[in-house]
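Q: Please work out how this folds:
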Amino acid sequence: MGRGPLDLVPDLDLSTPAVESPPRRREVYIDAFRGLMVLAMVQGHLCDSLLDPAVRAEPWYLFQRMFHGSTAPGFLFASGFVAGLPRAPLSLRASLRRVRRLLFVLGVGYFLHLPWFSLWKTMNEASPHQREILFSCDALQVIAVTQLFVLGLQWAGGRRWTQAAAVVALAIIAASPGVWASELGAELPEPLVPYLDKSTGSRFPIFPYSAFVLAGTLAGAALGRVEPRRRHRRALVAGLGLIGLGAALTPVLEGWVDYWGPSPAYAFVRLGGLLLLLLLVEGAARVRLPGVRALALLGHETLLVYVLHLYILFGGIVIQSPMVALHDRLGLGEALVVLLLMLPVLLGASWVWRTAKRWGPHEAQLVLVFVTTWFLYQFLTRPW
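A: Numbers count the residues shown, from 1 in each chain. Okay, the predicted model is just below:
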């Protein structure tokens with residue numbers, strides 16, 4: 001993930017970063033699912049950065065990382081789910097508003113990768129490695145770019161946009177092994193190379209990760225607006241079907257494609273598992289299990305939580321983090337204590353920001369405009 005704070009959305013999903021009037025009510029399970037994904041991501045980043053390398057090399061940790069590989073796709077899937085809820089195509093005004101918000105998300109993604117708080121120093125002094133990090137395609141970049149594509153697809157395809165999006169998602173999944181092996185990025189400009197594959201260090205290139213955002217958007221359109229029984233039936237059938245398809249493809253692709261990499265078999269299994277997990281989270285929300293409301297709060301503020309936890313763990317160009325001194329030094333128990341201490345901070349920040357937007361949406365908007373303007377002025381004018 002990128003390193004290095006703000007959520008600008010009324011319902012705080014990654015697709016709509018702006019403060020507006022209070023949004024229409026959204027079902028708790030949607031935000032709880034998003035919150036679960038972002039919480040698992042926080043746990044993964046914390047353990048990967050703070051645990052002693054000897055602990056990370058133990059068999060149990062390697063085994064749990066195998067399951068943790070679906071955390072990031074789940075985060076991308078969840079970000080797309082909310083984007084698929086509104087009926088499409090959107091009005092011109094709503095489309096332009098969403099474009100503005102997605103461009104903001106894209107900008108935050110690059111902000112997290114900046115090596116220095118100066119445009120001129122970044123342009124003239126960045127090493128090849130720092131330039132790779134700056135231009136790498138991370139979670140926010142692939143979310144923003146994919147949802148901008150979906151917006152164009154909705155305008156071009158009208159109500160048939162879902163069929164076109166499904167075809168594109170399948171094409172991305174099928175083409176990913178070939179794209180990773182082809183080195184096609186060598187022919188592209190430097191800022192675009194990381195969007196194709198992992199050859200330059202990108203964690204979430206378009207192939208195959210854009211397919212998870214597209215799949216989440218399709219799931220939001222197909223499941224989010226229907227009555228619960230039909231939603232449960234559709235999700236169950238689709239989830240089991242995708243897992244079965246992935247299992248059937250696994251022996252066919254064995255020896256040809258790395259299963260844990262760009263394999264279509266693994267992609268289908270993960271998508272199926274996410275749909276089944278969505279059903280479980282909805283069930284937990286329905287019976288009001290303890291902790292669901294807290295997850296929903298985190299899910300309502302995903303961008304804030306995403307950026308804030310990265311700054312706590314890694315710092316950035318605005319502030320340094322004391323946590324950096326603990327990297328690669330803690331045992332499992334100590335890392336869990338740090339996680340437990342971080343949770344109240346993330347929940348508290350989420351509650352404060354959500355409350356501020358509800359009670360003073362225009363004032364919250366002014367704060368965001370001020371912070372953004374201040375940052376851009378400083379970044380563009382600082383000589384070094």
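
Q: What is whichever strand or helix holds Leu376 packed up against?
A: Using DSSP states H and E, Leu376 maps to helix 361-381. Applying 3 or more C-beta pairs under 8 Å, 6 or more residues apart in numbering; DSSP states H and E, we find helix 361-381 packed against helix 332-359. Where C-beta positions appear, they are placed from N, C-alpha and C, glycine not excepted.

Q: name the helices or strands packed onto the helix it packs on?
A: Contacts defined by 3+ C-beta pairs under 8 Å, 6+ apart place helix 332-359 against helix 28-50, helix 292-300, helix 302-314, helix 361-381.

Q: List just the one of the ones you listed that sits closest to Leu245.
A: Distance to Leu245, taken as C-beta to C-beta, is lowest for helix 28-50 among those, at 22.4 Å.

Q: CA atoms only for that closest one, dumped as PDB, please.
A: The C-alpha trace of helix 28-50 is given here as PDB (Å, rounded to 0.1, in the frame of the first residue of the first chain):
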ATOM      1  CA  VAL A  28     -25.600  -1.100   8.100                       C
ATOM      2  CA  TYR A  29     -24.300  -4.400   6.600                       C
ATOM      3  CA  ILE A  30     -22.700  -2.500   3.600                       C
ATOM      4  CA  ASP A  31     -20.600  -0.300   5.900                       C
ATOM      5  CA  ALA A  32     -19.900  -3.100   8.300                       C
ATOM      6  CA  PHE A  33     -18.500  -5.200   5.400                       C
ATOM      7  CA  ARG A  34     -16.300  -2.200   4.300                       C
ATOM      8  CA  GLY A  35     -15.200  -1.700   7.800                       C
ATOM      9  CA  LEU A  36     -14.200  -5.300   8.200                       C
ATOM     10  CA  MET A  37     -12.100  -5.100   5.100                       C
ATOM     11  CA  VAL A  38     -10.300  -1.900   6.100                       C
ATOM     12  CA  LEU A  39      -9.800  -3.300   9.700                       C
ATOM     13  CA  ALA A  40      -8.200  -6.400   8.300                       C
ATOM     14  CA  MET A  41      -6.000  -4.200   6.100                       C
ATOM     15  CA  VAL A  42      -4.900  -2.200   9.100                       C
ATOM     16  CA  GLN A  43      -4.000  -5.400  10.900                       C
ATOM     17  CA  GLY A  44      -2.100  -6.700   8.000                       C
ATOM     18  CA  HIS A  45      -0.100  -3.500   7.500                       C
ATOM     19  CA  LEU A  46       0.700  -3.300  11.200                       C
ATOM     20  CA  CYS A  47       1.900  -6.900  11.500                       C
ATOM     21  CA  ASP A  48       3.900  -6.700   8.200                       C
ATOM     22  CA  SER A  49       5.700  -3.500   9.400                       C
ATOM     23  CA  LEU A  50       6.100  -4.000  13.100                       C
END
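
Q: What residues of stretch 51-59 count as buried?
A: Within stretch 51-59, the residues that qualify as buried are Leu51, Asp52, Val55, counting by 16 or more other C-beta atoms under 10 Å.

Q: Tabulate those residues (CSV), appending distance to Pro115 and pLDDT.
A: Putting the buried residues of stretch 51-59 into CSV (distance: C-beta to C-beta, whole Å; pLDDT from 0 to 100) gives the following:
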residue, distance to Pro115, pLDDT
Leu51, 26, 94
Asp52, 27, 95
Val55, 30, 91
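
Q: Kindly present these as a markdown table, with separate columns for distance to Gly185.
A: Listed next are those as a markdown table, based on distance: C-beta to C-beta, whole Å:
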| residue | distance to Gly185 |
| --- | --- |
| Leu51 | 32 |
| Asp52 | 35 |
| Val55 | 35 |
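
Q: Leu102: which of those residues is nearest?
A: Among the buried residues of stretch 51-59, Leu51 lies closest to Leu102 (C-beta to C-beta), at 34.6 Å.

Q: Please, which helix or strand holds Tyr61?
A: Going by DSSP H and E, Tyr61 is in helix 59-68.

Q: Would you mind giving the helices and strands packed on helix 332-359 as TSV with mean neighbour count and mean pLDDT added?
A: Conversion of these to TSV gives the following (neighbours: other C-beta atoms under 10 Å; pLDDT from 0 to 100):
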stretch	mean neighbour count	mean pLDDT
helix 28-50	23	94
helix 292-300	22	95
helix 302-314	23	95
helix 361-381	13	92
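
Q: May I see the buried residues of stretch 122-140?
A: By 16+ other C-beta under 10 Å, the buried positions in stretch 122-140 come out as Thr122, Ala126, Arg131, Glu132, Ile133, Leu134, Phe135, Ser136, Cys137, Asp138, Ala139, Leu140.

Q: for the chain, what are the low-confidence residue spans?
A: Applying pLDDT under 70 to the chain flags residues 1-25.

Q: at 80 what do you get?
A: Applying pLDDT under 80 to the chain flags the ranges 1-26, 62-70, 183-187, 384.

Q: Tell me where the stretch 101-250 of the chain has helices.
A: Secondary structure of the stretch 101-250 of the chain (DSSP state H, counting those that start in this stretch): helices at 119-125, 128-135, 139-157, 161-182, 206-223, 228-253.
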